[in-house]
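>>> Using only what follows, build the 3D model:
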Amino acid sequence: MSSHDVLIKNALIVDGTGAAPYKAELAVDGERVSSIGSDLGRADKVIDAGGKVVCPGFIDVHNHGDLSILYYPNAEGYVRQGITTFIGGQCGSSPAPIDEYVVEGTILYDLIHEMKPAMYYPSGLIKRAEFNPRHRELVGWEIDWHTMGEFLAKVESFGISPNMVPMVGHGPIRIMAMGLDYERKATEDEIEAMKPHMKQAMKDRCRGFSVGRDYDPGYWAEKSELIELTKIVAEYKGVYQSHSLRTGLRKARRPGEFPPPKINGIKEAIDVGRQTGAAVEISHLGSLYDVYPGGSPMLDEAAARSTLKVVDDAIEEGLDVSFDVIPNTGGYGLYSTTHLVSFLLP
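Residues are numbered from 1 along each chain as shown. Below you'll find the model as predicted:
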């Protein structure tokens, strides 16, 4: 009779293939599921699932945990939700590349406000030389990396619970080339200066490139800049992930200024893929046509279908386009999110 490291009995298996759930035993040896079936033998550790679901870990395809993983390497909040892999580096932000200015401390809001108080629009950018001494007092380590490769080595030295798939953000790459003078179109020389940072990040095992088109500094880029950088991503068979332009720069507008047409944002993202050959992932897609006044299910459905048709047409064209959503009625927004379980109901 076989002997295993771990044996889970009386489990309801949901295997992720779309097949109907079924009752079985599951054996684990080392770091792998070695067998699923009945009467699998003995084990050093036996767990009675009591009829509960046993399934593959969830993959969170849009996550900013790369900015906090060194502070919370066990990532209990993810693991307790069944998330075993997350894709970080979203919306144009990532922990590297960095030089004089660092961005990692943006999750330490109290520290940022202490060092750079601001009434309306606090900046997460702070000089490394100023930030590190205070940061070391609080957490015991410094932000000592410059490239994504060096950051990932730091993560591996800490040891983390979930798997992390890194993306490199457009924001830090743009700042490396333009400094804080980023509220404008980049010159050709500046775009050329961005390219080595992109190439290095892809060599450092980043899965792709993300942009945040509603935020500084990504808002100020022209599509031609994004295309030039994504050409490098395509060379590595990477993914272009777009927080598409839909609200416009998320700062106060002058009277008479209006947000851009939301649908144009995903059209831009798709065209970047079309012109570079890179796969495109549209972040937290929601209905991109406003219905006012609201309250009409028929009009809401028409707006959603019209949004999805743009994606469907791109796929029909032969482009590699996909999207993720936030499980709520509006499609996006931390403060309107309900529960992941709403997507798992039968």
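>>> make it CA atoms for all contacts and neighbour counts henceforth
OK.
>>> So for the longest helix seen in the chain, mean pLDDT?
Criterion DSSP state H: the longest helix present in the chain is helix 297-317. Per-residue pLDDT values over helix 297-317 give a mean of 95.
>>> Tell me the buried residues in that helix?
300, 303-304, 306-308, 311-312, 314 (16 or more other Cα atoms under 10 Å).
>>> domain ranges for this protein?
In terms of domains, the chain is parsed into 3-54, 165-343 (source: automatic domain parsing).
>>> How far does the longest one sit from its chain's centre?
The chain centroid and the centroid of domain 165-343 are separated by 11 Å under Cα atoms, centre = their mean, to the nearest Å.
>>> ok, which stretches of the stretch 201-346 of the chain are helices?
223-235, 262-276, 297-317 (DSSP state H, counting those that start in this stretch).
>>> So which of these is nearest Met167?
helix 223-235 (10.6 Å; Cα to Cα).
>>> can you state the direction angle for the closest one and helix 262-276?
50 degrees (axes from the mean of the first three to the mean of the last three Cα atoms, to 10 degrees).
>>> Name the residues of helix 223-235 that are buried.
225-234.
>>> for stretch 164-176, same thing?
Buried-residue list, stretch 164-176, by 16+ other Cα under 10 Å: 164-176.
>>> And the longest strand along the chain, what's buried?
The single longest strand within the chain, with elements called by DSSP state E, is strand 3-13. The neighbour-count criterion (16+ other Cα under 10 Å) identifies 4, 6-13 as the buried residues of strand 3-13.
>>> With just CA atoms, put the longest helix of the chain into PDB.
Coordinates of each C-alpha in helix 297-317 appear next as PDB, following Å, rounded to 0.1, in the frame of the first residue of the first chain:
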ATOM      1  CA  PRO A 297     -31.500  46.800 -16.800                       C
ATOM      2  CA  MET A 298     -32.000  46.900 -20.500                       C
ATOM      3  CA  LEU A 299     -29.700  49.900 -21.100                       C
ATOM      4  CA  ASP A 300     -27.100  48.500 -18.600                       C
ATOM      5  CA  GLU A 301     -27.000  45.200 -20.500                       C
ATOM      6  CA  ALA A 302     -26.700  47.100 -23.800                       C
ATOM      7  CA  ALA A 303     -23.800  49.100 -22.400                       C
ATOM      8  CA  ALA A 304     -22.000  46.000 -21.200                       C
ATOM      9  CA  ARG A 305     -22.600  44.100 -24.500                       C
ATOM     10  CA  SER A 306     -21.300  47.100 -26.400                       C
ATOM     11  CA  THR A 307     -18.100  47.100 -24.300                       C
ATOM     12  CA  LEU A 308     -17.500  43.400 -24.700                       C
ATOM     13  CA  LYS A 309     -18.100  43.600 -28.500                       C
ATOM     14  CA  VAL A 310     -14.900  45.700 -28.800                       C
ATOM     15  CA  VAL A 311     -13.000  42.900 -27.100                       C
ATOM     16  CA  ASP A 312     -14.800  40.200 -29.100                       C
ATOM     17  CA  ASP A 313     -14.000  42.000 -32.400                       C
ATOM     18  CA  ALA A 314     -10.300  42.100 -31.500                       C
ATOM     19  CA  ILE A 315     -10.300  38.400 -30.800                       C
ATOM     20  CA  GLU A 316     -12.100  37.700 -34.000                       C
ATOM     21  CA  GLU A 317      -9.400  39.800 -35.800                       C
END
